[in-house]
Every structure is written in C-alpha cells, then in structure tokens.
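Asks: coords below, sequence missing:
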C-alpha cells in the first residue's frame, strides 16, 4: 500500500513566543517524501494530537526550523524495512506534527489493533496520554472510593472529562466539575455524567465550588492552579486528597506563575494530601488502564469525548484553540482517512 | 501520702491577645485544695508542658478566668477514690497549668512506670506529644529510608530535635536542620547529631538550605511555613516528600498567614507529596513509638533534649519564651520534686 503523496509536510516552530503564541510562531513546510532506510518504516499519519503541554515545549524543547517531535500521532505503515512494522499496521508514536514519519521500532511506538467498538482516535484520547493521565489521577493518586465526592477542574477538557467519567464509574457519590463556558457545563453534565458543573466565569471559583459542594469534597483532580487550586483546598475535608496534575494557567507565563493559594495552610490544618504527579512516571499502568477502559468504551459508558478538526493545515489553529480552551474533550486533527 | 499543700494554684487566661501574648493576658490564682469525689483522684503535678500550639488555644478554646485545660502534665496521685489510680501512682494527663488536678480514669490519662534509664520528664518530651509528632512525621508520613537526605525545620525545637535524632538512627545519609541562633546550630550538631545546620537569620532560608543541601533532599519535616516551606520545596527532588506539621509562624496571626510558597508549582512539576498531618490522628502509634524510642533513650542514642524551668510561677514566662523560641528542645516547667 504505497503512499499516494510524494511529499511530506511538517509544521516548524520558527520563533519563540513571549506569552500567548500565534500562527506567526509556526510555518508549514513541504519536503520530498523520504524512503525508509534499513530497520525503519514510513508511516502516513491519520490523527495528530494537539495538547496544552506543548506550549511548554515551545520555550526550549522544540528546536526552531525543525520537524516538531513529542506530539502523539496515529498513522498507518506505508513502507517498511523492519520486521517490527508491517505495511498496513496502525502505529501510535510521538513524532509529532507531520504528515509522515520515519519510525524504527522502539519505546513509545506500538502497533495497535482497536477492538470492535473502539474508534481509532480513542488511542489519542481516552486510551492515549490524556486518558491515562485521568486514570492514574483518579485511581492511583486519589484512590477514589465509592460514595466519595470529587471535584475535577477543566472538566470539559481531555483529562478532566475522562476523569469525571472514570470517577462516576467507580461509584463516586458526586462528581463536580468546573468548566469555561455554559456549553461546556451542559456537555459535562449531559454527555459525561457529571452530577454538577459550573462556569468559572460566573464568579469567584471558591464561591462557585463551595455552592456546588456544600458538604465539602473528599478528593480533587486539579490541573489549573491559582484560584482553582485555592478553591479545591477550600472545600477539601480533613484527610482529603488533591492530585495536582499541572497548572495550565501558567504554561504561557512560566516565569510568572499564578499566586499560590492563600489558604495553603489548610493542607496542614486539615491533614490534606497534596500530591503532584506526571503521567510519564506511570506509563507502566497503560495495560491496566486499557483493560479497565475498553469494556466501558465498548458498552458506551465512557465517551471518547473528542473535538476533531479536519486537515493538516489546521494543526496550528487547533493547537492555538486548545490553549484558548476552544475544545470540548480531546482536541485532535484528522489529516488522512482512517 | 497526703499532699502538704492546702491550696491549689492555677493559671487563668484573663484576656484575648491580639498578636503576641504577654504576661498581662494571664493571672495566677489560688483556691482551696479540693477533695476527690467518688471515682476521682487528686494529683499533685510535677511537670507541666508549655507548647507553641497553646497560642492557638488562647484565641477561643481556653475560657477566660478558668483553669486552662489541654496542657499535658505529669503528676503523682496524693489521694484516690478510684481503683484506676493508687496513691503514689505517676500519671500523665492533660489538665494543664495547675499545681493539682482532680482526675477520673479516662482517655489521655494513664499511669506510667518509667523504666530504668528513662527520666520521668521524658513522658512530656521525647515520649510525649512532641516526640510522637516527630516519630509519626519521620516514620509514618515521610517513611524515611536509609541513605536519604532529610531537612528538618525548627531543628532545635521539641519536635525538630527529636525528629533529627530519629532520622539519624534510621540511617539517613544527611540530616539538615534550620534553627534560630548560633547556640542552637551548635546544639543541633553537637548534641543531637545533625550532619549540618544553619541559623535562618544568616540569609534567605532558601539560599542557606540550598547551600547545605547542594544535591537536594528526599524528604522534609516542615513546621514553620512561609519562606521555610518555600525553601524546602525549592530543594526537594523529584518524588520527594514533605510532611507539614503546622505553621508556627502563623500562630500569632491566624488571620494573616505567611505568604504561600511562590514555588508551589514545583509540587506538581516534580511529583512532590506535600502531606499535612496532626499528631492527634496518630495516637494509636504511641505504643509502637515507645517501644522503638525507649531502648534508644536508655542507651543514650536519643537525648530527651529538654529545657526545664523551675517553679509554678514561671509557667507563663516559660510559655512566652517558647513562643519567642527561647527554648532548646522541649520546654518544661518543674513545679514539684519528681
């Protein structure tokens, strides 16, 4: 199944942003399609992932005027000179925002065989890094128990939306989410099954959360920081747990993080466990997560919860959109037929 | 063994302080010595404990113009009408700053029989609440492992001094303390066996700690808050743990806590566990702690590390002194011969 195209297109970063990035920080470039050398395969990408964490990569990790690594993608092998990949294989990898990738077998590159009822794109959403982040946060870090009340920030985002669904399926008595628009509130409750949600623009987050959780919470999955973390601490009961998965509110201004919570001392007073984590340290839990998640996906109990944009020339806009919170669920770009 | 005195003396709180308390907030009062009723015993106190946490009790819990409860004490039974206490028994209890107490058997009141080589006062210091706080913090909350580097704030205080000794005996590769004077630095290293210590007045705590722990720390026991907590976060390695036992720096200004650490986001970035705890939730560990600590005390491997003031009329001054950090180790008041 040789590729039909004779060129590969890449997104390059061409300048370092100060604060919020724009389209001018990127360029679309076209190159002749390479042939795979011995031991490698050529993959034509189908789905590309755009994620908030990439904003941090823009400051240092992504080299200027080079293809951008680290972005997760799903593609199909179109030529192979390695026994690790056969032509036609579906492969997930991290070679980023390009139409094609040359891959040797190795860590982070695996052939997938989506079971009946599991869409291919799920391997970048609920079965991808964001889904694993949600699973690890709710099950491993929070160890959520049936009957507990849990608060999830960015509830309509890729991590939060999956986390809320996992919490519900684990028997949480009450799953409360904060989101950024009335449409997201609606989505979070109707589609994802949160028990309550609010738009954080409607007032101080602490007040909105206190109203949604009048009896307090047992656990929180927090990924915003600043006043969102402060609100979570404010309603966390004695011995409560807060899993802290990052601070999207600081990605654009790493040198000027949001103020730390003024009520931080409650962590000591109320014996709260505030635990930071990074999903990259928990990759060994992927098989366990897939085993748990796939039957729920197949039965329709977990939505893959994606916003899918069409076309490689939309990658940069999709990324800027996810930084502005325009996505509902996981933001993906489909660049070729699955 | 009837008591020789015919009166009981109490300390009463007579006014609510704003900020730092003074002697004017207290009064010494004398009353006729009561007789124990049926089911109770009269105890003549030997040692009284004065502790930083009592500053918080002054805002609400301690009733004005009443004997002050909640302070730990050790006394000897001088009259009894309960089978729970025999005349001559040594008893620890929490009836506070008085020369005598009427006690019925109950939780928090127990007869002690100090083994050979264990001084009576140890039951208010290394075997008392502060020692248990140190034990729980280092063993249960931090789960300190041999070869690790640990930082302990208030290292010459009652909790910190014991915690450092426990950490050393657990095989910590490096025990680092912050203290409030050159004499305390000396004491911490020479007497308590810390590997390094500094006087936090000598510069920004973060700089002093970074210099003392150039390769970072695995664990911290933090009880000051503010810039001390910030310093601890600053040097904590990935996956490091911080046990947060309170914030002495805020006791005098509960409405105006010290600023939260500006580097709090490192808790997320470096997967740090920040865990608050209160010793009152871990009282079931007392037998385990005693079993572990007593042989070390008997062998001289753990110092009871006390500052003992003589005379009941010194209670208020001793308490004010501990708030000013004048004590080295546990501050006790001896009011009768052991």
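Replies: Great, that's in hand. None of these values were measured; they are calculated from a predicted model. Numbering: from 1, shown residues only, chains lettered A, B, ... in the order given.
Asks: which parts of chain A sit against chain B?
Replies: Counting by C-beta under 8 Å from any C-beta of the partner chain, the positions of chain A adjacent to chain B are A:225, A:239, A:244-247, A:250, A:257, A:259-262, A:264-278, A:281. All C-beta atoms are positioned from the backbone trio N, CA, C, and that covers glycine.
Asks: redo that, cut-off 7 Å
Replies: Residues of chain A found near chain B (C-beta under 7 Å from any C-beta of the partner chain) are A:225, A:244-247, A:250, A:257, A:260-262, A:264-265, A:267-278, A:281.
Asks: Give me the buried entries from the residues you listed.
Replies: Of the members of the residues of chain A next to chain B, the ones counted as buried by neighbours, 16 or more other C-beta atoms under 10 Å in any protein chain shown, are A:225, A:244-247, A:250, A:257, A:260-261, A:264-265, A:267-278.
Asks: Please give me every residue in contact with the residue minimising distance to the centre of chain A.
Replies: Taking C-alpha atoms, centre = their mean, the centroid of chain A lies closest to residue A:130, which sits 3.3 Å from it. With contacts defined as C-beta atoms under 7 Å, 6 or more residues apart in numbering or on different chains, residue A:130 is in contact with A:158-159, A:162, A:330.
Asks: if you look at the residues you listed, which of them are in helices?
Replies: The helices, defined by DSSP state H, take in A:158-159, A:162 from the contacts of residue A:130.
Asks: which one of those is nearest residue B:181?
Replies: residue A:159 (48.2 Å; C-beta to C-beta).
Asks: Contacts only, for the closest one.
Replies: Residue A:159 makes contact with A:130, A:133-134, A:223, A:245, according to C-beta under 7 Å, 6+ apart.
Asks: which among those residues gets closest to chain B?
Replies: Each of those was checked against chain B using C-beta to the nearest C-beta; the closest is residue A:245, at 6.8 Å.
Asks: surely the closest one meets residue A:225?
Replies: No - here residue A:245 does not reach residue A:225: they are 10.1 Å apart, not a contact under C-beta atoms under 7 Å.
Asks: what touches both of the two?
Replies: Here residue A:245 and residue A:225 have no joint contacts, going by C-beta under 7 Å, 6+ apart.
Asks: Would you mark the buried spots in stretch A:301-308?
Replies: If you call a residue buried by 16+ other C-beta under 10 Å, then stretch A:301-308 has these buried ones: A:302-308.
Asks: tell me which of those residues is nearest to residue B:290?
Replies: Sorting the buried residues of stretch A:301-308 by how near they are to residue B:290, with C-beta to C-beta, puts residue A:302 at the top with 50.3 Å.
Asks: which non-adjacent residue is nearest that closest one?
Replies: Using C-beta to C-beta, 6 or more residues apart in numbering or on different chains and skipping the chain neighbours, the partner closest in space to residue A:302 is residue A:296 (4.2 Å).
Asks: That neighbour is in contact with residue A:304, isn't it?
Replies: No - applying C-beta under 7 Å, one finds residue A:296 not in contact with residue A:304, separated by 10.7 Å.
Asks: and chain A, what are its domains?
Replies: Following automatic domain parsing, one gets these domains for chain A: A:7-125+A:304-334, A:129-280.
Asks: what's the span of the last one, first residue to last?
Replies: Pointing back at domain A:129-280 there. One end of domain A:129-280 to the other measures 9 Å (C-alpha to C-alpha, to the nearest Å).
Asks: now swap in stretch A:137-148 and tell me
Replies: Stretch A:137-148 stretches 15 Å from its first residue to its last (C-alpha to C-alpha).
Asks: Okay, buried residues for it please.
Replies: Within stretch A:137-148, the residues that count as buried by 16+ other C-beta under 10 Å are A:137-139, A:141-142, A:144, A:148.
Asks: average pLDDT across that stretch?
Replies: Averaged across stretch A:137-148, pLDDT comes to 98.
Asks: Check stretch A:176-187 too.
Replies: Here stretch A:176-187 scores 96 as its mean pLDDT.
Asks: what's the first-to-last distance across it?
Replies: Distance across stretch A:176-187, first residue to last, is 13 Å (C-alpha to C-alpha).
Asks: what's in contact with that stretch?
Replies: In this structure, residues lying in contact with stretch A:176-187 by C-beta under 7 Å, 6+ apart are A:151-153, A:155-156, A:160, A:164, A:188, A:194-201, A:205, A:209, A:212-213, A:228, A:325, A:328.
Asks: coming back round to it: between the ones in helices among the contacts of residue A:130, which is closest to residue B:77?
Replies: Comparing the ones in helices among the contacts of residue A:130 against residue B:77 with C-beta to C-beta places residue A:159 closest, at 61.3 Å.
Asks: Now do the same for that closest one: its pLDDT.
Replies: Among the per-residue scores, residue A:159 shows a pLDDT of 94.
Asks: Rebuild the contacts of residue A:159 as a markdown table, extending it with pLDDT.
Replies: Output for the contacts of residue A:159, formatted as a markdown table (pLDDT from 0 to 100):
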| residue | pLDDT |
| --- | --- |
| A:130 | 92 |
| A:133 | 95 |
| A:134 | 97 |
| A:223 | 89 |
| A:245 | 89 |
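Asks: ok so, going back, quick check: of the ones in helices among the contacts of residue A:130, which lies closest to chain B?
Replies: Set against chain B, the nearest of the ones in helices among the contacts of residue A:130 by C-beta to the nearest C-beta is residue A:159 (13.0 Å).
Asks: Now do the same for the helix or strand residue A:74 falls within: mean pLDDT, whole number.
Replies: When secondary structure is defined using DSSP states H and E, the element that contains residue A:74 is strand A:73-80. Computed over strand A:73-80, the mean pLDDT rounds to 98.
Asks: Following element in sequence after that strand, please.
Replies: Using DSSP H and E, the helix or strand that follows strand A:73-80 in sequence is strand A:90-93.
Asks: partner strands of that next one, parallel or antiparallel?
Replies: On the basis of DSSP bridges, the sheet neighbours of strand A:90-93 come out as strand A:73-80 (antiparallel), strand A:110-112 (antiparallel).
Asks: Most tightly packed of the domains of chain A?
Replies: Mean neighbour count (mean count of other C-beta atoms under 10 Å in any protein chain shown) peaks for domain A:129-280 among the domains of chain A, with a mean of 22.
Asks: tell me how far it is from the chain's mean position?
Replies: A distance of 15 Å separates the C-alpha centroid of domain A:129-280 from that of its chain, computed with C-alpha atoms, centre = their mean, to the nearest Å.
Asks: what's the answer for stretch A:7-27, then?
Replies: 21 Å.
Asks: got it, and stretch A:269-285?
Replies: Using C-alpha atoms, centre = their mean, the distance from the centre of stretch A:269-285 to the centre of the chain it belongs to is 17 Å.
Asks: cool, stretch A:110-118 as well?
Replies: For stretch A:110-118, the distance to the chain centre is 19 Å (C-alpha atoms, centre = their mean).
Asks: where do the helices sit along chain A?
Replies: For chain A, helices defined by DSSP H occupy the ranges A:54-57, A:129-135, A:158-169, A:182-190, A:205-212, A:227-235, A:266-269, A:286-298, A:315-323.
Asks: can you list those helices in TSV and add distance to residue B:113?
Replies: Formatted as TSV, the entries for the helices of chain A read as follows, by distance: least, C-beta to C-beta, whole Å:
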stretch	distance to residue B:113
helix A:54-57	61
helix A:129-135	53
helix A:158-169	51
helix A:182-190	61
helix A:205-212	51
helix A:227-235	44
helix A:266-269	35
helix A:286-298	52
helix A:315-323	67
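Asks: Point out the one among those that comes closest to residue B:7.
Replies: Checking these against residue B:7 by C-beta to C-beta gives helix A:266-269 as the closest, at 39.1 Å.
Asks: which residues are in contact with the closest one?
Replies: Contacts of helix A:266-269 from elsewhere in the structure, counted by C-beta under 7 Å, 6+ apart, are A:233, A:272, A:274, B:244-247, B:274, B:276.
Asks: Rounded mean pLDDT for it, please.
Replies: In this model, helix A:266-269 carries a mean pLDDT of 91.
Asks: Residue A:143 versus residue A:279, what's the distance?
Replies: Going from residue A:279 to residue A:143 by C-beta to C-beta, to the nearest Å gives 16 Å.
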